[in-house]
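Asker: Compute the structure for the input listed below.
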Amino acid sequence: MPTASYDFGLIGLGVMGRNFILNVANNGFTTFGQDLDVQKVSALLEEGGNLQKVNASTDIKTFVQALSKPRKIMLLVPAGKIVDTVIENLIPLLDKDDIIIDSGNSFFTDTDRREGYLAEKGIHFFGAGVSGGAKGARLGPSIMPGGNKEAYQHVKPIFEAVAAKYNREPCVAYLGPKSAGNYVKMVHNGIEYGLMQLTSEMYDLLKSGGDFTNNELHSTFSKWNKGRLQSFLVQITADIFAQDDDLGEGKLVDKILDKAKQKGTGKWTSQNAMDLGIPTPSIDIAVSMREISALKNERIQAEKLYQQPNVTILPKEKLEELAEQALYFSFIITYAQGLHQLVVASKEYGYALKIAEIAKIWRAGCIIRAGLLADISDAFATDKELPNLLLSPAFVEKVQGTVSATRELVAYGAENGIPLPGLSNSLTYFDAYTSSRLPLNLIQAQRDYFGSHTYERLDREGVFHTEWEK
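Answerer: Okay, here's the model as predicted:
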């Protein structure tokens with residue numbers, strides 16, 4: 001039986017869990033893992049190499065007894081009932097002030113429920129989003145924890161050691177009480193959906209509208225990644241176009257089925273934004289496009305039924321320039337929507353989020369890391385009450401300088417039957433958000449006409465109803 005001396009415990013030794021626990025061990029902390037799968041336990045022990053630093057067991061009692069107090073236990077298991085099952089198995093074995101950290105993509109209301117339930121038993125519960133994939137877990141992810149602030153001090157040295165670093169600053173910060181961490185990770189993933197959709201649209205635009213080869217696409221995205229579009233997603237997109245197909249000739253990207261799956265976090269972001277009354281159309285359409293992509297057989301039938309426009313091929317240099325501007329514009333809009341949601345949710349749920357700090361911990365390690373986030377962090381640091389990135393004076397010129405290219409490409413896509421829903425939704429959001437007057441006065445009149453829902457007026461205070469002439 002191991003002595004109770006290990007600094008950190010982790011349940012769930014899949015690829016993410018194994019990489020994360022090895023990251024902790026490499027940064028000077030002793031670790032103990034647990035999984036019911038013997039092979040996963042053996043794989044960790046083999047890779048860990050030194051039982052004094054990295055140990056593991058299939059037995060949960062042995063696991064708990066091996067940890068020093070207060071015990072710090074991270075769960076990297078699938079979200080949902082499995083998390084509750086693991087918690088119930090742990091409760092009889094834990095002591096007051098022990099800490100459980102759920103680092104799966106749990107829905108934020110589940111985290112609130114679990115935190116309240118465990119608080120009654122004297123156990124601290126954290127929801128901590130971890131972004132960066134398997135490689136990030138091993139080399140340094142972005143970590144988004146939320147829960148009891150005092151209890152976080154026990155976890156802080158470990159998280160700061162293992163997190164990605166940006167200019168030597170760890171990409172982790174205590175975000176707020178209750179489910180603040182899981183909520184921020186959820187919105188992070190919603191933004192991720194939007195950025196991925198937009199990147200795929202630029203790929204389609206260059207390929208369909210400019211006859212770009214995969215080598216040219218690789219060169220274009222590589223060049224973009226050296227400029228203002230520098231980001232993880234643009235970088236890996238460039239890499240993808242260079243990947244040969246090991247099972248045949250040509251590039252692998254051309255052999256991959258055009259059906260994208262989803263795990264639900266993007267949908268949760270959209271649903272919750274609607275609950276809060278916050279518009280996030282660039283994220284919403286990204287979710288919808290994955291759903292449309294799943295209708296492959298119907299899309300094949302529909303293409304045969306309807307005549308498609310003949311695509312007018314544009315000069316490569318011009319199209320590349322327009323696409324770079326439009327992608328930059330729509331990236332800004334997508335970040336603006338997600339961060340606006342965080343601003344409102346922070347007040348609604350009592351998180352007291354610091355948006356500038358969130359943008360800072362996203363600068364490295366996570367999937368949506370990008371050079372643009374440094375400017376975003378500065379904007380919210382300059383104005384801590386900033387409701388929307390588009391209201392920051394520092395972003396006016398960035399947006400004004402790219403919106404005309406976006407208009408040109410949205411029109412071009414419509415004329416040529418190239419679907420650009422993320423780009424067009426970003427443009428429509430911008431046009432609506434920057435319009436002092438919208439035609440919703442008519443909708444208010446319609447609602448009052450058929451349902452006596454009343455309306456407000458521009459010229460006087462109060463609520464009014466009209467008996468409309470039939």
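
Asker: Point to the residue nearest the middle of the protein.
Answerer: Asn189 (1.8 Å; C-alpha atoms, centre = their mean).

Asker: Spatially nearest residue to that residue (excluding sequence neighbours)?
Answerer: Leaving out its chain neighbours, the residue that sits closest to Asn189 by C-beta to C-beta, 6 or more residues apart in numbering is Thr265, at 3.7 Å. Every C-beta, even on glycine, is put in place using the N, C-alpha and C of the backbone.

Asker: For the chain, which segments are assigned as strands?
Answerer: Listed in chain order, the strands of the chain (DSSP state E) span 8-11, 31-34, 54-57, 72-75, 99-102, 124-131, 142-146, 165-166, 169-170.

Asker: before we move on, back to that, what's around the residue nearest to Asn189, how many residues?
Answerer: Per other C-beta atoms under 10 Å, the neighbour tally for Thr265 reads 23.

Asker: Who are the contact partners of Thr312?
Answerer: With contact taken as C-beta atoms under 8 Å, 6 or more residues apart in numbering, Thr312 is in contact with 209, 412, 415-416.

Asker: Number of residues surrounding the closest residue to Thr466 other than its chain neighbours?
Answerer: Closest residue to Thr466 apart from its sequence neighbours, by C-beta to C-beta, 6+ apart: Asp448 at 6.2 Å. For Asp448, the count of nearby residues is 17 (other C-beta under 10 Å).

Asker: With Leu442 instead?
Answerer: Neighbours of Leu442 under the rule other C-beta under 10 Å: 9.

Asker: go on, Arg460?
Answerer: So Arg460, with other C-beta under 10 Å, has 7 neighbours.

Asker: Lys263 too?
Answerer: Neighbourhood size, Lys263 [other C-beta under 10 Å]: 11.

Asker: Leaving out the residues flanking it, which one is nearest to it?
Answerer: Setting aside the residues directly before and after it, Lys263 is nearest to Asn105 in space (C-beta to C-beta, 6+ apart), at 6.6 Å.

Asker: ok, now how distant is that neighbour from Lys384?
Answerer: Between Asn105 and Lys384 the computed distance is 29 Å (C-beta to C-beta, to the nearest Å).

Asker: Of the two, give the one with the bigger neighbour count.
Answerer: Counted by other C-beta under 10 Å, Asn105 and Lys384 do not tie: Asn105 has more neighbours, with 20 against 9.

Asker: so where is the stretch 351-470 of the chain shaky, pLDDT-wise?
Answerer: 470 (pLDDT under 70).

Asker: repeat that with 90
Answerer: Applying pLDDT under 90 to the stretch 351-470 of the chain picks out residues 469-470.

Asker: what are the ranges of the helices in it?
Answerer: Secondary structure of the stretch 351-470 of the chain by DSSP state H, counting those that start in this stretch: the helices cover 355-361, 372-382, 393-416, 421-433, 440-451.

Asker: List of residues touching the last one?
Answerer: Applying C-beta under 8 Å, 6+ apart, the external contacts of helix 440-451 come out as 453-456, 465-466, 468.

Asker: pLDDT-wise, which helix or strand of this structure ranks last?
Answerer: helix 133-139 (a mean of 88; mean pLDDT, DSSP states H and E).

Asker: Against which helices or strands is it packed?
Answerer: helix 15-26 (3 or more C-beta pairs under 8 Å, 6 or more residues apart in numbering; DSSP states H and E).

Asker: Check which helices and strands the helix it packs on sits against.
Answerer: Counting contacts by 3+ C-beta pairs under 8 Å, 6+ apart, helix 15-26 packs against strand 8-11, strand 31-34, helix 38-48, strand 54-57, helix 133-139, helix 149-162.

Asker: Looking at the ones you listed, spot the one closest to Val77.
Answerer: Nearest to Val77 among those is strand 8-11 (6.5 Å), distances taken as C-beta to C-beta.

Asker: just to revisit the earlier point, just the buried residues of the contacts of Thr312.
Answerer: Neighbour-count burial (16 or more other C-beta atoms under 10 Å) is assigned, among those, to 209, 412, 416.

Asker: Tell me the one of these nearest Ser424?
Answerer: The closest of the buried ones among the contacts of Thr312 to Ser424 turns out to be Tyr412 (C-beta to C-beta; 11.1 Å).

Asker: Let me know which of the helices and strands packed on helix 15-26 is tucked in deepest.
Answerer: Highest mean neighbour count of those: strand 31-34, a mean of 29 (counted as mean count of other C-beta atoms under 10 Å).

Asker: what residues does that one touch?
Answerer: Contacts for strand 31-34 (C-beta under 8 Å, 6+ apart): 2, 6-11, 13, 17-18, 21-22, 24-25, 41, 44, 48, 53-60, 63, 66-67.

Asker: Adjacent strands (with direction) for it?
Answerer: In the sheet, strand 31-34 lines up against strand 8-11 (parallel), strand 54-57 (parallel) (DSSP bridges).

Asker: Make TSV out of these and add distance to Thr220 and mean pLDDT.
Answerer: Formatted as TSV, the strands paired with strand 31-34 follow (distance: least, C-beta to C-beta, whole Å; pLDDT from 0 to 100):
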stretch	distance to Thr220	mean pLDDT
strand 8-11	41	96
strand 54-57	43	94
